[in-house]
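[1] okay, structure incoming, though there's no sequence with it:
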């Protein structure tokens, strides 16, 4: 569909985005630049001496033709999603609840029989598919990292592979067409998006439904979520840009919904044109996007607000450190790496970052820093004066839990406006 250069997985290289990833428009407008950021899931073991690590420019580009907001650099996916990729979706309550709700909603949107095949692209540890499996449906995950082994151990059939046309052809031959294909928090991550949509169509039954969940551009702008910008996220979809992409392949968006995951995402139902009645939700969201603005002027205002937020957070932390206060970070999601590196935090400012017991991120350094990631129990034994909520998008859920467990200090919520609670 486009003339965009293709990056071979495993090449260890990157390519500059010169043309829109969706519509091939060469007239891309630069917007926010966050500097050079390390891969958010490349973490070094505690005690390891610092050595050379990669860092890549993070700049947003806006396409005035299809309204896609996209990252200006594509990095080799094997760098971004290594075999030891530490993220597991099952450890996050809001995701578990979201996937359970998605399963229930799907029951009301399309006919799912026992024989129906449900495929999840980027299936991680199988948390999403477990809902469909428990509902009696056939399931299959496709997951590039070794996290897929956890799913297989849980009896969720999973192919350890990147999602490619060859993988799709193999699945079609071995398992038949899919009634439902899901891609949650992954549809914005994969390079060569037109190849991906073609591969989805190859797998999808004639009356099948494709459901994607992605970070929603409007939520990003509304709550200043610059920390969700990192190299795993190649595209930041609005409904306008998603609809443009899917229409190019003969797919029609027939239902859409804003959901709370990852600080604000959009769930989109699509099928071959004319297969399902288009619900009012589609026109409503398109109109809302026109009203709030998703163009270059809105992005320019966003860029300025990000800069001011950075300065405000630095000032707040500076005042605390001048007074001798200790600051422990809470949570090490991928977004924390962007915030820490963009603002310029180090282990003299943030003593450590704390994760729940059993997290694969414990006993490592935060990417690009010497800030150690340690088990959460240290918050209660050490009782620092301040806890910086790096998972700030779920602050209202986190704060009472940490209080209940015994933390007596103050909380710092870094975004959208830095504040002490």
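    Great, that's in hand. As the structure is a computational prediction, the values presented were derived from the model and not from experiment.
[2] what's the neighbour count on residue 347?
    Neighbour count for residue 347, taken as other Cβ atoms under 10 Å: 14. For glycine as for every other residue, the C-beta is placed from the backbone atoms N, C-alpha and C.
[3] pull out the buried positions in stretch 23-42.
    Under the neighbour-count criterion of 16 or more other Cβ atoms under 10 Å, stretch 23-42 has 23, 28, 31-32, 34, 37-42 buried.
[4] in this protein, what helix or strand scores lowest on average pLDDT?
    Least confident helix or strand, the chain: helix 77-80 with a mean of 82, by mean pLDDT, DSSP states H and E.
[5] centre of the chain versus that one, how much separation?
    Relative to the chain's own centre, helix 77-80 is displaced by 15 Å; criterion: Cα atoms, centre = their mean, to the nearest Å.
[6] kindly report the same for stretch 32-50.
    On Cα atoms, centre = their mean, the centre of stretch 32-50 falls 17 Å from the chain's centre.
[7] all helices in the protein, in order from the N-terminus.
    Applying DSSP state H to the chain gives helices spanning 77-80, 93-109, 127-134, 148-153, 165-175, 193-203, 217-222, 239-247, 280-292, 296-322, 334-343, 377-382, 395-405.
[8] of all these, which one comes closest to residue 186?
    Residue 186 lies closest to helix 193-203 among the helices of the chain, at 9.5 Å (Cβ to Cβ).
[9] who does that closest one touch, helix- and strand-wise?
    Applying 3 or more Cβ pairs under 8 Å, 6 or more residues apart in numbering; DSSP states H and E, we find helix 193-203 packed against helix 165-175, strand 178-184, helix 239-247.
[10] for residue 368, find the nearest of those.
    strand 178-184 (27.4 Å).
[11] give me the sheet partners of that closest one and which way each runs.
    Using DSSP bridges, strand 178-184 pairs in its sheet with strand 117-121 (parallel), strand 204-215 (parallel).
[12] so what pairs up with residue 330 in the strands?
    residue 354, residue 389.
[13] what's the neighbour count on it?
    Using other Cβ under 10 Å, residue 330 has 23 neighbouring residues.
[14] show me what contacts it?
    353-354, 376, 379, 387-391, 398, 402 (Cβ atoms under 8 Å, 6 or more residues apart in numbering).
[15] give me whichever of the strands paired with strand 178-184 is most buried.
    strand 117-121 (a mean of 26; mean count of other Cβ atoms under 10 Å).
[16] list of residues touching that strand?
    With contact meaning Cβ under 8 Å, 6+ apart, strand 117-121 is reached by 112, 126, 128-129, 132, 137-142, 163, 171, 175-184, 186-187, 200, 203.
[17] 6 Å - rerun?
    Here strand 117-121 makes contact (Cβ atoms under 6 Å, 6 or more residues apart in numbering) with 128-129, 132, 137-142, 163, 175, 178-183, 186.
[18] angle of that strand against helix 165-175?
    Comparing the axes of strand 117-121 and helix 165-175 via axes from the mean of the first three to the mean of the last three Cα atoms, to 10 degrees yields an angle of 160 degrees.
[19] re earlier: would you turn the helices of the chain into JSON lines with distance to residue 411 and mean neighbour count?
    Putting the helices of the chain into JSON lines (distance: least, Cβ to Cβ, whole Å; neighbours: other Cβ atoms under 10 Å) gives the following:
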{"stretch": "helix 77-80", "distance to residue 411": "31", "mean neighbour count": "19"}
{"stretch": "helix 93-109", "distance to residue 411": "19", "mean neighbour count": "16"}
{"stretch": "helix 127-134", "distance to residue 411": "28", "mean neighbour count": "22"}
{"stretch": "helix 148-153", "distance to residue 411": "32", "mean neighbour count": "18"}
{"stretch": "helix 165-175", "distance to residue 411": "44", "mean neighbour count": "15"}
{"stretch": "helix 193-203", "distance to residue 411": "39", "mean neighbour count": "19"}
{"stretch": "helix 217-222", "distance to residue 411": "22", "mean neighbour count": "22"}
{"stretch": "helix 239-247", "distance to residue 411": "34", "mean neighbour count": "21"}
{"stretch": "helix 280-292", "distance to residue 411": "29", "mean neighbour count": "13"}
{"stretch": "helix 296-322", "distance to residue 411": "12", "mean neighbour count": "15"}
{"stretch": "helix 334-343", "distance to residue 411": "15", "mean neighbour count": "24"}
{"stretch": "helix 377-382", "distance to residue 411": "11", "mean neighbour count": "14"}
{"stretch": "helix 395-405", "distance to residue 411": "6", "mean neighbour count": "13"}
